[in-house]
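K.L.:
need coordinates for the following:
(4 chains)
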Protein chains: 2
Amino acid sequence: MKRPLREEPESSGARTTVTERAMQRIKDMISDGLLVPGQRLPTEREFAADLGLSRSSMREAIRALTVLGVLEARHGAGVYVTSLEPRDLLDTFGVVAEISRGDTLLHLVQVRKILEPAATATAAARIDDEILALLRAEMTAMEQGGSAEEIVGHDLEFHRLIVEAAANPVLSAILDGLSSRTFRARVWRGYRVEGVFERTFQEHDRIYRALAERDPESARTAAAIHVTAVEDWLRTQAEMDEV
Amino acid sequence: MKRPLREEPESSGARTTVTERAMQRIKDMISDGLLVPGQRLPTEREFAADLGLSRSSMREAIRALTVLGVLEARHGAGVYVTSLEPRDLLDTFGVVAEISRGDTLLHLVQVRKILEPAATATAAARIDDEILALLRAEMTAMEQGGSAEEIVGHDLEFHRLIVEAAANPVLSAILDGLSSRTFRARVWRGYRVEGVFERTFQEHDRIYRALAERDPESARTAAAIHVTAVEDWLRTQAEMDEV
DNA sequence: TGGCAGAATTGGTAGGACCACTAGCGAGCC
DNA sequence: GGCTCGCTAGTGGTCCTACCAATTCTGCCA
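P.N.:
Residues are numbered from 1 along each chain as shown, chains lettered A, B, ... in the order given. Below you'll find the model as predicted:
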């Protein structure tokens, strides 16, 4: 057992730090509806006094909830509850992709291989002409080249637009994290050498056509092919590293 | 535009707090390989001095990375880098389910509806008899009843075992978060009234049989049916709330 | 009426003091 | 000689105070 971290059912004075307890208190206040999105919290000094702890510890709790996307501190203005929408709460997801390496990268892509085809299929059923036009624009911008940075940007935006068309914010947030900038850039760096640009353009084109025809199953397949290509590439990279 | 939070490309002295910069420094040290899993960091006091900030600010940075599952502080012993495996990094995922309500709950289940069938199908191809026996045990334990707490526990464990058999830690961590205890408990509270226990048992049984026969497609279908049942229930709940 | 300067408010940073827990060392006992 | 127990130094946890920096409010003045 690697994780002896389970706590007993809160027997009031659990063996946790005051900061952790404060975080829990605040989270509870939110799920109980005492704190609603956009609401302003009391002053750090006040709030600390209310919950019976020092400002330092309260600040640690607030900082922690801030990085989790639950709270937002504005210098000089106060601390506020965020919108609590998936966009905010799942920002931290990108940290995984930022830090991960080795097998975990493969596992990340495999999850993407599950989600992205499903998202693309859903998008095919609900996408409108306006979004299709935007996709077309990203494709041409991408083919015209530019710095690696720019190309990656267009690639990310292309996929982001599609996923967004699936109209599920949680899904969008997760896939955003899985395809974080640094991760995608890492992949492209290698791609360039092997000149697989062309194939990627073709794959994007195939996805686009399926979406334009509102054909969910074709869209699903096209997306699956695309992500699988990335997976294959990652696999070969991993094998090379082992040598 | 709701989020004017984008920062300029770090022009050295970006307009961020020292704590945020410290967090970035530490994350960089990790992705650059200067800090590896399990390694011990310098003393808070030392480390703060090294990076040129106060211990208070350094503590906030460490606390933040701790809740993200990147670092682990042991009272009296020191601060360590975690294993950096998905289990650790994606713990925070549960916070979303803990706090979310309304439409977001629906979106969470919809993502689960995508992932769980895929995971179950994969599991069917690789599951061994030992795991099957454990699943059987969870099923009987669940049918024998007990407190809502216990039943939920067996339910969670049943699904956790299956997902784990898919051998993708990232997938496991995400689904764990999507099915966090409080969320699942909330669903069961409502279930009990309508007496849909029986159906759930049958659904579990069907999943089990598909796994035992190593039939991925049946497993996928059975899992999809199961999650869809939860989704439907959530939908009716939402409609009732609107009335 | 409008705008601007200053005061009050509030988060950000710093540094020090002390508490609580851990780990390692050494004395003492078996 | 080997083991245990207790002590001690080291380290994270908490609290406090002071001051800085950004924002917001207030009220005077043109």
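
K.L.:
for the rest of this, base every contact and every neighbour count on C-alpha atoms.
P.N.:
Noted.

K.L.:
apart from its chain neighbours, what residue comes closest to the closest residue to chain B within chain A?
P.N.:
For chain A, the residue closest to chain B is residue A:64, as judged by Cα to the nearest Cα, at 4.7 Å. Nearest residue to residue A:64, sequence neighbours excluded (Cα to Cα, 6 or more residues apart in numbering or on different chains): residue B:64, at 4.7 Å.

K.L.:
packing partners for the strand or helix carrying the one you found?
P.N.:
Applying DSSP states H and E as the criterion places residue B:64 in helix B:55-67. If contacts are counted by 3 or more Cα pairs under 8 Å, 6 or more residues apart in numbering or on different chains; DSSP states H and E, helix B:55-67 sits against helix A:55-67, helix B:18-31, helix B:44-51, strand B:71-74.

K.L.:
only C-alpha atoms, please: export it in PDB.
P.N.:
Taking C-alpha atoms only, helix B:55-67 is exported to PDB below (Å, rounded to 0.1, in the frame of the first residue of the first chain):
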ATOM      1  CA  ARG B  55       9.800  31.700   3.800                       C
ATOM      2  CA  SER B  56       6.100  32.700   3.900                       C
ATOM      3  CA  SER B  57       6.000  33.000   0.200                       C
ATOM      4  CA  MET B  58       8.000  29.800  -0.400                       C
ATOM      5  CA  ARG B  59       5.500  28.000   1.900                       C
ATOM      6  CA  GLU B  60       2.600  29.200  -0.200                       C
ATOM      7  CA  ALA B  61       4.300  27.900  -3.300                       C
ATOM      8  CA  ILE B  62       5.000  24.600  -1.700                       C
ATOM      9  CA  ARG B  63       1.500  24.300  -0.300                       C
ATOM     10  CA  ALA B  64       0.100  25.000  -3.800                       C
ATOM     11  CA  LEU B  65       2.300  22.300  -5.400                       C
ATOM     12  CA  THR B  66       1.300  20.000  -2.600                       C
ATOM     13  CA  VAL B  67      -2.400  20.200  -3.300                       C
END
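
K.L.:
close to DNA strand C, is that helix?
P.N.:
Yes. Helix B:55-67 is in contact with DNA strand C by Cα under 7 Å from any atom of the strand, via B:55-57.

K.L.:
and the residues you listed, which are buried?
P.N.:
Among these, those classed as buried by 16 or more other Cα atoms under 10 Å in any protein chain shown are B:55-57.

K.L.:
want to throw the residues you listed into CSV with pLDDT?
P.N.:
Output for those, formatted as CSV (pLDDT from 0 to 100):
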residue, pLDDT
B:55, 97
B:56, 98
B:57, 98
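
K.L.:
distance to DNA strand D added to these, as a markdown table?
P.N.:
A markdown table is the format used below for these (distance: Cα to the nearest atom of the strand, whole Å):
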| residue | distance to DNA strand D |
| --- | --- |
| B:55 | 8 |
| B:56 | 7 |
| B:57 | 10 |
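
K.L.:
quick one: which of these is nearest to residue A:84?
P.N.:
residue B:57 (25.9 Å; Cα to Cα).

K.L.:
for the closest one, give me its contacts.
P.N.:
Neighbour list for residue B:57: B:18-19 [criterion: Cα atoms under 8 Å, 6 or more residues apart in numbering or on different chains].

K.L.:
picking up where we left off before, correct me, but the residue nearest to residue A:64 touches residue A:59?
P.N.:
No. Counting by Cα atoms under 8 Å, residue B:64 sits too far from residue A:59 to count as a contact (10.9 Å).

K.L.:
tell me which of the two has more neighbours.
P.N.:
residue B:64 (25 against 19; other Cα atoms under 10 Å in any protein chain shown).

K.L.:
residues touching the more buried one, list them.
P.N.:
Residue B:64 neighbours (Cα under 8 Å, 6+ apart): A:60, A:63-64, A:67, B:23.

K.L.:
ok, now residue A:80?
P.N.:
Contacts of residue A:80 (Cα under 8 Å, 6+ apart): A:37-41, A:71-74.

K.L.:
try 7 Å this time
P.N.:
By Cα atoms under 7 Å, 6 or more residues apart in numbering or on different chains, residue A:80 lies in contact with A:38-41, A:71-73.

K.L.:
closest one of the residues of helix B:55-67 next to DNA strand C to chain A?
P.N.:
The closest of the residues of helix B:55-67 next to DNA strand C, once distances to chain A are taken by Cα to the nearest Cα, is residue B:56, at 7.6 Å.

K.L.:
centre of the chain to the helix holding residue B:64, how far?
P.N.:
23 Å (Cα atoms, centre = their mean, to the nearest Å).

K.L.:
stretch A:28-41: how far from the chain's middle?
P.N.:
So, by Cα atoms, centre = their mean, the centroid of stretch A:28-41 is 24 Å from its chain's centroid.

K.L.:
could you check how far the closest residue in space to residue A:100 that isn't next to it in sequence is from DNA strand D?
P.N.:
Leaving aside its chain neighbours, residue A:100 sits nearest to residue B:84 (7.3 Å; criterion: Cα to Cα, 6+ apart). Going from residue B:84 to DNA strand D by Cα to the nearest atom of the strand, to the nearest Å gives 19 Å.

K.L.:
quick one, phi/psi of residue B:84?
P.N.:
Dihedral pair for residue B:84: phi 60, psi 20, per degrees, to the nearest 10.

K.L.:
does any part of the longest helix anywhere in chain A sit near chain B?
P.N.:
Counting residues, the longest helix found in chain A (DSSP state H) is helix A:216-242. No. With Cα under 7 Å from any Cα of the partner chain as the criterion, chain B is not reached by helix A:216-242; the gap is at least 12.5 Å.

K.L.:
and that helix, what's buried?
P.N.:
In helix A:216-242, residues buried by neighbour count (16+ other Cα under 10 Å) are A:216-231, A:234-235, A:238.

K.L.:
the spatially most central residue of chain A: which element?
P.N.:
In chain A, the residue lying closest to the centroid (Cα atoms, centre = their mean) is residue A:177, at 2.4 Å. Applying DSSP H and E as the criterion places residue A:177 in helix A:169-178.

K.L.:
just want the angle from that helix to helix B:169-178.
P.N.:
Angle of helix A:169-178 versus helix B:169-178, following axes from the mean of the first three to the mean of the last three Cα atoms, to 10 degrees, is 150 degrees.

K.L.:
and helix A:169-178, what does it pack against?
P.N.:
Applying 3 or more Cα pairs under 7 Å, 6 or more residues apart in numbering or on different chains; DSSP states H and E, we find helix A:169-178 packed against helix A:86-89, helix A:93-99, helix A:103-126, helix B:103-126.

K.L.:
that one - what's its average pLDDT?
P.N.:
Helix A:169-178 shows a mean pLDDT of 94.

K.L.:
quick one: it to helix B:103-126, angle?
P.N.:
60 degrees.

K.L.:
residues from chain A in reach of DNA strand C?
P.N.:
Close to DNA strand C, as judged by Cα under 7 Å from any atom of the strand, chain A has residues A:41-45, A:56, A:59, A:73-79.

K.L.:
what count of nearby residues applies to residue A:180?
P.N.:
Other residues close to residue A:180 by other Cα under 10 Å number 18.

K.L.:
now it. Nearest residue, chain neighbours left out?
P.N.:
Residue A:180 sits nearest to residue A:94 (Cα to Cα, 6+ apart), 5.7 Å away.

K.L.:
correct me if wrong: the one you found contacts residue A:177.
P.N.:
Yes. Look at residue A:94 against residue A:177 with Cα atoms under 7 Å: they come within range, at 4.1 Å.

K.L.:
so where's chain A uncertain?
P.N.:
A:1-14, A:188-196, A:238, A:240-243 (pLDDT under 70).
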